[in-house]
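K.L.:
the sequence and its predicted three-dimensional model are supplied below.
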Amino acid sequence: MPSSTAKTEKPANGSRTEAPQPSVTEMEAQIETLKAEIAKLTAQVQSSGEKSLEALKSIAQEGVTQVRAKGEAAMQGLKSEAGDIEGEIVARVREKPVTSLAIAAGVGFLFALLTRR
């Protein structure tokens, strides 16, 4: 009974049978085919990388646009708030000019003390 192991059986005449070796032209053709396939794969990887880069640039640009819009809205809000505060200060100074002058003098005096040291 023949065994199922991977032993090479010798023919009856004692010589081994070997697979036919490909010729030089066949090997060159295979090398050229491999080169073409590698070139295709390289192009596909490069194309994929370029698409990914473009997508990342698009996402980054969108983020910059959103941040800029939020920053401009915040700046408008601060300008509006500063205008409201300024109007309130002007109204208080008109209501009580002497008190406002005394407060301004006190703040100036404290500032002078702090900057002397």
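P.N.:
Right, received. Where do you want to start?
K.L.:
off-centre distance for the longest helix along the chain?
P.N.:
In the chain, taking DSSP state H as the definition, the longest helix is helix 24-95. Distance of helix 24-95 from the chain centroid (CA atoms, centre = their mean, to the nearest Å) equals 7 Å.
K.L.:
where does pLDDT dip in the protein?
P.N.:
1-19, 117 (pLDDT under 70).
K.L.:
taking the centroid of it, which residue is nearest it?
P.N.:
residue 56 (6.0 Å; CA atoms, centre = their mean).
K.L.:
and the gap between it and residue 49?
P.N.:
As judged by CB to CB, to the nearest Å, residue 56 and residue 49 stand 10 Å apart. C-beta coordinates here come from the backbone N, C-alpha and C atoms, glycine included.
K.L.:
what of residue 99?
P.N.:
Counting by CB to CB - residue 99 and residue 49 are separated by 70 Å.
K.L.:
and what of residue 33?
P.N.:
Taking CB to CB, one finds residue 33 at 25 Å from residue 49.
K.L.:
over to residue 22?
P.N.:
As judged by CB to CB, residue 22 and residue 49 stand 36 Å apart.
K.L.:
next: residue 116.
P.N.:
Distance from residue 116 to residue 49, by CB to CB: 64 Å.
K.L.:
of these two, who's got more company?
P.N.:
residue 49 (10 against 6; other CB atoms under 10 Å).
K.L.:
if I look at that one, how far off is residue 37?
P.N.:
With CB to CB as the criterion, residue 49 and residue 37 are 19 Å apart.
K.L.:
residue contacts, residue 92?
P.N.:
residue 100 (CB atoms under 8 Å, 6 or more residues apart in numbering).
K.L.:
now do residue 114
P.N.:
Residue 114 neighbours (CB under 8 Å, 6+ apart): none.
K.L.:
for it, pull up the helix or strand it's in.
P.N.:
helix 97-116 (DSSP states H and E).
K.L.:
pull the distance from that helix to the chain's centre.
P.N.:
For helix 97-116 - counting by CA atoms, centre = their mean - the centre lies 52 Å from the chain centre.
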